[in-house]
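> Curious how this folds, go ahead:
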Amino acid sequence: MKFFTALYPPLHVVDELRAVLDRGPDVKWTKPEKWHITLCFHGETADEERFKALEGHEVPEIRLRNFGTFRDTVLWAGIDGDLNQLARAAGADDNWFAHLTVAYGYRGQPMPAFLSSPWQPSEAVLVSSADGVYTPLTRVGLRTSARR
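This is a model prediction of the structure:
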């Protein structure tokens, strides 16, 4: 079992992203219900104290913007908005890069320009991952412009 801290997009953003993806059969598409932005991988044990310390951290407005790849095979949606401070507070290292993975086995299929509606994540979620199943364990509230 592995643990990570995640931000989940709201349903309307999930629907916007789903609408622009050409779900060809040669790509292993990730399930929309699993789409998230990983703030920090914890490994085999979760740093629950550090996770709980995220409560009330300020979070900027963000959007999904366009697409990119890792190793030319992992397709991701980019993040427009600075999540670096929140990711560092969660425990991310210097190699952390804000993205939302949408597919594996990507082979250079053309992707459309994309910009989602803006949103502010209202919570961070501590998640366990075992055999491809994500289980939310606990949540902490984040400070948004609506929650000041």
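> so what's the backbone phi/psi at the residue nearest in space to the middle of the chain?
Centrality entry for the chain: nearest residue to the mean C-alpha point is Ile37, 1.0 Å, by C-alpha atoms, centre = their mean. Here is the backbone geometry of Ile37 (degrees, to the nearest 10): phi -100, psi 120.
> list the contacts for it?
By C-beta atoms under 8 Å, 6 or more residues apart in numbering, the contact list for Ile37 reads 6-9, 79, 83, 98-100, 121. Every C-beta, even on glycine, is put in place using the N, C-alpha and C of the backbone.
> any idea how far it is from Arg63?
For Ile37, the distance to Arg63 equals 12 Å [C-beta to C-beta, to the nearest Å].
> Now list whatever residues contact both of the two.
Residues within reach of Ile37 and of Arg63 at once, by C-beta under 8 Å, 6+ apart, are Ile79.
> sorry, back to before: tell me the confidence at the residue nearest to the centre of the chain?
Model confidence at Ile37, expressed as pLDDT, equals 97.
> bridging residues for it?
Leu7 (DSSP bridges).
> Confirm that Arg88 sits in a helix.
Yes. With DSSP: H, G, I helix; E, B strand; the rest coil as the criterion, Arg88 is part of a helix.
> Now stretch 65-83 - C-alpha only, PDB.
The C-alpha trace of stretch 65-83 is given here as PDB (Å, rounded to 0.1, in the frame of the first residue of the first chain):
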ATOM      1  CA  ARG A  65      -4.500  23.900 -19.200                       C
ATOM      2  CA  ASN A  66      -3.400  22.000 -22.200                       C
ATOM      3  CA  PHE A  67      -1.500  18.700 -22.300                       C
ATOM      4  CA  GLY A  68       2.000  17.300 -22.000                       C
ATOM      5  CA  THR A  69       3.800  14.000 -21.600                       C
ATOM      6  CA  PHE A  70       6.300  12.200 -19.400                       C
ATOM      7  CA  ARG A  71       8.700   9.800 -21.300                       C
ATOM      8  CA  ASP A  72       6.500  10.400 -24.400                       C
ATOM      9  CA  THR A  73       4.000   7.800 -23.100                       C
ATOM     10  CA  VAL A  74       2.200   9.300 -20.000                       C
ATOM     11  CA  LEU A  75      -0.300  12.000 -21.000                       C
ATOM     12  CA  TRP A  76      -1.200  14.700 -18.500                       C
ATOM     13  CA  ALA A  77      -3.200  17.800 -18.300                       C
ATOM     14  CA  GLY A  78      -1.200  20.800 -17.100                       C
ATOM     15  CA  ILE A  79      -2.100  23.000 -14.100                       C
ATOM     16  CA  ASP A  80      -2.500  26.800 -14.500                       C
ATOM     17  CA  GLY A  81      -2.000  28.200 -11.000                       C
ATOM     18  CA  ASP A  82       0.800  28.100  -8.400                       C
ATOM     19  CA  LEU A  83       0.400  25.100  -6.200                       C
END
